[in-house]
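Chemist: turn this into a model:
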Amino acid sequence: MDAALVLAREASAEGDVPVGAVVLDESGAVIGTGRNRREVDADPSAHAEILALRDAAHRRGTWRLDGCTLVVTLEPCLMCAGAVLQSRVPRLVLGAWDEKAGATGSQWDVVRDARIGAKVEVVSGVREDACAQVLRDFFESRREQ
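Modeler: Numbers count the residues shown, from 1 in each chain. Got it, this is the predicted structure:
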């Protein structure tokens, strides 16, 4: 989660909502990284999770990320939860919950929906206070501007 927090802070410095994500392989090595880049890239799909999954798939040479873990500072949205399912990532570690748009346990639970047939293990609350603080600081500074 420390690496994801560094990426979240980088996103904040570039004016993007501070979310960072890393993909770990079976041995725990980082094989993919991403941070929100929607503002920088003018791309609505440039969420940290999407970019980290793309990076990991590129490095592996396959879209199937079986055995990997996605670590992200904020609970994934619907789009990113769908990408987790599509990439076959079996484990998700998240920091802060997203009570407005979260799709892995708060508002929706797409990754564990029995109708889909996939079951992603979700580990929540990892460095939750630090992850939430980065977001609070970002939005507080935005309100002051």
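
Chemist: which intervals of the protein have sub-threshold pLDDT?
Modeler: Applying pLDDT under 70 to the chain flags no residue at all.

Chemist: what's the single longest helix in it?
Modeler: Longest helix of the chain, by residue count under DSSP state H: helix 128-144.

Chemist: how far is that helix from where the chain is centred?
Modeler: 17 Å (C-alpha atoms, centre = their mean, to the nearest Å).

Chemist: contacts for it next, please.
Modeler: 1, 5, 8, 9, 12, 17, 18, 73, 74, 95, 96, 97 (C-beta atoms under 8 Å, 6 or more residues apart in numbering). Heads up, the C-betas are built off the backbone N, CA and C, glycines and all.

Chemist: once you drop chain neighbours, what's closest to the first one?
Modeler: The shortest distance from residue 1 to any residue other than its chain neighbours is 4.4 Å, reached at residue 127 (C-beta to C-beta, 6 or more residues apart in numbering).

Chemist: my guess is that neighbour meets residue 8, correct?
Modeler: No - counting by C-beta atoms under 8 Å, residue 127 does not reach residue 8; the two are 10.6 Å apart.

Chemist: give me the common contacts of those two.
Modeler: Residues touching both residue 127 and residue 8 (C-beta under 8 Å, 6+ apart): residue 73.

Chemist: out of everything not next to it in sequence, what's closest to residue 38?
Modeler: In space, residue 38 is closest to residue 46, 4.8 Å off (C-beta to C-beta, 6+ apart).

Chemist: neighbours of that neighbour, how many?
Modeler: For residue 46, the count of nearby residues is 19 (other C-beta atoms under 10 Å).
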